[in-house]
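Trainee: Generate a structure from the sequence data that follows.
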Amino acid sequence: MTTENVKWENINVVEPEPKDTISIRLDRDILNFFKSEGMGYQAKINSVLRGYTEHKKEEMKRKGIHLDRVSVVGGKVLRGSIDINGAKNAALPIMIASMLCDEEIVLKNVPNLKDIDTTCKLLLQHGVIIHRNQSAHTLKIHTPKVTNVEAPYDIVKQMRASIYVLAPLLARMNKAKVSFPGGCAIGARPIDLHLKSLEKMGVKIEIKEGYIYAEAPNGLQGATLDLKVREQHGVIITSVGATIQMVNAAVLAKGTTTIKNVAKEPHVKDVCDFLNSMGAKIKGAGTDTIVIEGVTKLHKAEHTIISDQIEAGTYAIAAAITKGKITLNKIDPEIIKIFLDKLKKAGVNIKTKKDSVTIDATKGNLKSVDIETAPHPGFPTDLQAQFMAFMMFVKGTAKITENIFENRFLHAVELQRMGAKIEIDNQGNAFVKGGQRISGANVMASDLRASSALILAGLAAKGETTVHRVYHLDRGFEGLEEKLRKCGAQIRRVTS
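Mentor: Next up, the predicted model:
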């Protein structure tokens, strides 16, 4: 096998709902083969993605199905203010954790996103009663009885967060049948740690026909767990997903559960705060170790979802990359402190208040800054792509190190199509030489964060940039185009 004969026909194709999307996942042997070929494997993966996308677009065209794209004309200096929505990464697991209680739960500050739609669909087929007010960003969730323990492939394939239903189903019904999850194509995100940890809590696991069959014949049992994934460059890498899964499993388990090397991301703490508001006994959220004393029942509660740190960071870069000035409202500066520190080092003026941040890059004279992604409180991997786009337009060369996910430099190849000078080694580093002539181009998004990075680059590029496969945006950003337009961006969505 050579890289030249690996075509889109060789990959594992995922067909999500709705049918106006395209999502593909590379088979593990093909991904490993690409990586063995050296530095060019990112470009080869993008070539496969592009080839399949073009094939699929032709098929959709014949069927009369339309694909959206976003057009951006660069050169506008952005000024204004933007309200930050609730965090998707907190809302999804909290919605699913609501199943742990048989009383009504009220959630506020819930963003209007496709992933929220998918989660509602998932919960409804488990017997959950949902009342949604999208204009008020609220949800009422009531699970008096779980009527179905299966999370089917057709829903789970659309979103990795669907795997979170495992713990509530086991807690309420002592059994579950859950399809392996889908999501963005940004490398391996195995769920082995979820399953091994559940086994330590008395769960019997069997995997067959693409499903996880889980059963807890004696109920969930307290245990001592360690969620360390690996150590890289002296940093302990933990699992956000496994942390949330095991916390959900432990709140109704018999006895005490001690979880070491947990994720400390703000949305993990928000999940814990929500569970405590229902009567759970969780201590240590936000530290390296969480201790949970199991309770027999949870009660009704009302909870406000924290604001989205990734959305805030994305719009902060929109201000910086256009040398503009934007005030971000409804955001706690503390949850994006490391990110803001990097912007300051790049020459951006930052002013913070209790629940707002003003990003001012109008004085220009911006310079390159190195970043290294790490678990919270380190630099978030979900802002790596956006920061790379920013570094294209400043003086100097920036080193960007990705420690969390493999295969998360796919956006770099697309940025190169715009004129960026980016070199990628096989150690998880990208070197971005700023100050190049960046021009608009047709580019393709490989995942949610790459979508926003390409749009950010388009805001500062010369001419028009068209970003294809932008359905990813609707999974994580509510009204992105409208928010940017209000600040002066020339941006529009086009249906082909």
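Trainee: Going by C-alpha atoms from here, please, whenever you check contacts or count neighbours.
Mentor: Noted.
Trainee: So, low pLDDT: which residues of the protein?
Mentor: For the chain, the stretches flagged by pLDDT under 70 are 1-66, 182-190, 407, 496.
Trainee: what residues go with each domain of it?
Mentor: Under the assignment automatic domain parsing, the domains of the chain span 67-84+308-495, 88-304.
Trainee: JSON lines for these, including mean neighbour count?
Mentor: Converted to JSON lines, the domains of the chain look like this (neighbours: other Cα atoms under 10 Å):
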{"stretch": "domain 67-84+308-495", "mean neighbour count": "21"}
{"stretch": "domain 88-304", "mean neighbour count": "20"}
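Trainee: Excluding sequence neighbours, find me the nearest residue to residue 211.
Mentor: residue 179 (4.2 Å; Cα to Cα, 6 or more residues apart in numbering).
Trainee: and the closest residue to residue 403 other than its chain neighbours, what does it touch?
Mentor: Nearest non-adjacent residue to residue 403, counting by Cα to Cα, 6+ apart: residue 373, 5.6 Å away. Counting by Cα atoms under 8 Å, 6 or more residues apart in numbering, residue 373 touches 379, 380, 381, 384, 401, 402, 403, 404.
Trainee: if you set the cut-off to 10 Å instead, what comes out?
Mentor: By Cα atoms under 10 Å, 6 or more residues apart in numbering, the contact set of residue 373 is 235, 379-384, 400-405.
Trainee: for the residues you listed, which one is nearest residue 449?
Mentor: Residue 449 has its nearest neighbour among those in residue 382, at 6.3 Å by Cα to Cα.
Trainee: In three-state terms, label that closest one for me.
Mentor: Look at residue 382: counting by DSSP: H, G, I helix; E, B strand; the rest coil, its state is helix.
Trainee: got the contact list for it?
Mentor: With the criterion set at Cα under 10 Å, 6+ apart, residue 382 makes contact with 309, 310, 311, 313, 314, 373, 404, 408, 448, 449, 450.
Trainee: mind putting those in TSV, distance to residue 330 included?
Mentor: Below are the contacts of residue 382 laid out as TSV (distance: Cα to Cα, whole Å):
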residue	distance to residue 330
309	10
310	13
311	11
313	13
314	15
373	25
404	28
408	29
448	22
449	21
450	24
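Trainee: Need the three-state assignment for residue 316.
Mentor: Residue 316 - assigned by three-state DSSP - is helix.
Trainee: Disregarding residues adjacent in the polypeptide, which is nearest to it?
Mentor: In space, residue 316 is closest to residue 359, 6.0 Å off (Cα to Cα, 6+ apart).
Trainee: Check for me that that neighbour belongs to a strand.
Mentor: Yes - membership of residue 359 in a strand is supported by three-state DSSP.
Trainee: I figured it hits residue 352, correct?
Mentor: Yes - judged on Cα atoms under 10 Å, residue 359 makes contact with residue 352 at a distance of 8.9 Å.
Trainee: which residues are common contacts for those two?
Mentor: The contact lists of residue 359 and residue 352 share 327, 328, 340, where a contact means Cα under 10 Å, 6+ apart.
Trainee: Next one: the last one from residue 349, what distance?
Mentor: To tie it back to what came earlier, the one meant is residue 340. To residue 349, residue 340 is 10 Å away according to Cα to Cα, to the nearest Å.
Trainee: Helices along the stretch 201-350 of the chain, start to end?
Mentor: 240-250, 266-277, 309-321, 337-345 (DSSP state H, counting those that start in this stretch).
Trainee: So which elements touch the first one?
Mentor: When you say that, I think you mean helix 240-250. helix 88-97, helix 166-173, helix 192-200, strand 224-226, strand 256-260, helix 266-277, strand 281-283, strand 289-293 (3 or more Cα pairs under 10 Å, 6 or more residues apart in numbering; DSSP states H and E).
Trainee: Following the chain onward from the first one, which element is next?
Mentor: It refers to helix 88-97. strand 105-108 (DSSP states H and E).
Trainee: Distance from the chain centre to that next one, please.
Mentor: Relative to the centre of its chain, strand 105-108 is centred 22 Å away, using Cα atoms, centre = their mean, to the nearest Å.
Trainee: Check which strands are paired with it and give the direction for each one.
Mentor: strand 138-142 (antiparallel), strand 301-304 (parallel) (DSSP bridges).
Trainee: want to throw these into TSV with distance to residue 82?
Mentor: What follows is those, written out as TSV (distance: least, Cα to Cα, whole Å):
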stretch	distance to residue 82
strand 138-142	20
strand 301-304	19
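Trainee: for these, which one sits closest to residue 394?
Mentor: Of all the strands paired with strand 105-108, strand 301-304 comes closest under Cα to Cα, at 38.0 Å.
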